[in-house]
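Student: Return atomic coordinates for the entry below.
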Amino acid sequence: MDQTGTAKKILLVEDDDALANVYLTRLQAEGFDVRRVPNGEDALAMAIQFKPDLILLDVMMPKVSGFDVLDILRNTPDTADVKVIMLTALSQDTDKERAESLGVNDYLVKSQVVIADVVDRIKHHLAA
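Tutor: Numbers count the residues shown, from 1 in each chain. Below is the predicted model of the structure:
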């Protein structure tokens, strides 16, 4: 909740249904207003419509990759300032550097974090 008493809005972009459901359940339990979309195309449309405070973005997705989504978000006035955390299986430094060059706020590797870590990072960025 922010000062106005409304829940912070999170857009979860994840094509793996099982993983998405785990995050959805946990984030809702933490008091966030969460919407989930399974691909980059839907993410771009929902970012404009839902106006999330933060986007949790997978990289490896059908149609439009997370990198492309991030690039478009950063170059669209309505979404340029939204916080974006990439949550990905890609652990290469080159992938992280690419995300950072596109303006990502945080880059988390799925195999290196547990859901509590992700929730902590979300809260950190939303408090900033």
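Student: now the residue positioned nearest the centre of the chain, which residues is it bridged with?
Tutor: For the chain, the residue nearest the mean C-alpha position is Leu56 (1.3 Å; Cα atoms, centre = their mean). Taking DSSP bridges, one obtains Leu12, Ile85 as the residues bridged to Leu56.
Student: What are the contacting residues of the helix or strand encompassing Arg35?
Tutor: Element membership for Arg35 (DSSP states H and E) is strand 33-37. Outside strand 33-37, the residues that touch it by Cβ atoms under 8 Å, 6 or more residues apart in numbering are 6-14, 20, 23-24, 27-28, 43, 46, 50, 52. Quick note: C-beta positions are derived from backbone N, CA and C, even for glycine.
Student: Apply 6 Å and report the result again.
Tutor: With Cβ atoms under 6 Å, 6 or more residues apart in numbering as the test, strand 33-37 has contacts from 7, 9-13, 20, 24, 27-28, 43, 46, 50.
Student: Over to stretch 50-67?
Tutor: Residues outside stretch 50-67 that contact it (Cβ under 6 Å, 6+ apart): 8-15, 35, 39-41, 82-88, 90, 126.
Student: Compute the first-to-last residue distance for that stretch.
Tutor: This stretch, stretch 50-67, spans 20 Å end to end (Cα to Cα, to the nearest Å).
Student: out of the contacts of stretch 50-67, which are buried?
Tutor: 8-14, 35, 39-40, 82-88, 90 (16 or more other Cβ atoms under 10 Å).
Student: Quick check: which ranges of this structure have low pLDDT?
Tutor: Applying pLDDT under 70 to the chain flags the ranges 1-4, 128.
Student: which residues of it fall in strands?
Tutor: For the chain, the strands defined by DSSP state E cover 9-13, 33-37, 54-57, 83-88, 106-109.
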